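Novice: Next one to model:
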Amino acid sequence: QVQLVESGGGLVQAGGSLRLSCAASGLTFSRSAMGWFRQAPGKEREFVAAVRWGAYSPIYADSVKGRFTISRDNAASTLYLQMNSLVPEDTAVYYCAARRIVRMSPMAKDYDYWGQGTQVTVSS
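Specialist: Predicted structure coming up:
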């Protein structure tokens with residue numbers, strides 16, 4: 001059974017930083033493309049970042065490029081999202097997602113497994 005468990009969310013002031021983690025189990029993590037998505041109240045789930053198994057050339061949403069960094073530790077089966085220079089518009093529930101294949105994607109429909117989400121709230 002595949003499990004993705006996010007942690008690291010919380011309340012932070014604008015300009016601050018948070019680091020999200022996603023612990024994966026039950027899948028061949030090193031061969032799974034991984035992604036972060038987020039969903040704000042009343043909005044659709046949107047893509048944040050994705051990384052392939054080799055952790056090179058990740059992709060980012062334009063809204064987070066230059067502020068967020070996605071990374072992964074295949075030995076620990078853990079995905080990370082370092083979020084810097086946070087703004088109130090980053091407030092959302094952040095979800096970790098995994099694909100059964102190595103190819104990364106910005107489309108939520110392409111992901112096979114999802115975590116339960118972690119709340120990030122940025123105050124102004």
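Novice: Would you mind naming the residues that pair with the residue nearest the centre of the chain in a beta bridge?
Specialist: The centre of the chain sits closest to residue 36, judged by Cα atoms, centre = their mean, with a distance of 2.3 Å. As for beta bridges, residue 36 partners with residue 49, residue 96 under DSSP bridges.
Novice: tell me the contacts of it?
Specialist: Under the criterion of Cβ atoms under 8 Å, 6 or more residues apart in numbering, the contact partners of residue 36 comprise 20, 22, 48-50, 70, 79, 81, 94-97. C-beta coordinates here come from the backbone N, C-alpha and C atoms, glycine included.
Novice: State the mean pLDDT of stretch 19-27.
Specialist: On average, the pLDDT along stretch 19-27 is 95.
Novice: residues making contact with it?
Specialist: Contacts of stretch 19-27 with the rest of the structure, by Cβ under 8 Å, 6+ apart, involve 1-9, 32, 34, 36, 77-83, 94, 96, 98, 100, 113, 115, 118, 120.
Novice: re the thing from before, got a winner among the contacts of residue 36 for most neighbours?
Specialist: With neighbours taken as other Cβ atoms under 10 Å, the top of the contacts of residue 36 is residue 79, carrying 30 neighbours.
Novice: Quickly note the distance from that one to residue 73.
Specialist: Look at residue 79 and residue 73: by Cβ to Cβ, to the nearest Å, they are 8 Å apart.
Novice: Check the contact lists of these two and give me the overlap.
Specialist: With Cβ under 8 Å, 6+ apart applied, the contact sets of residue 79 and residue 73 do not overlap.
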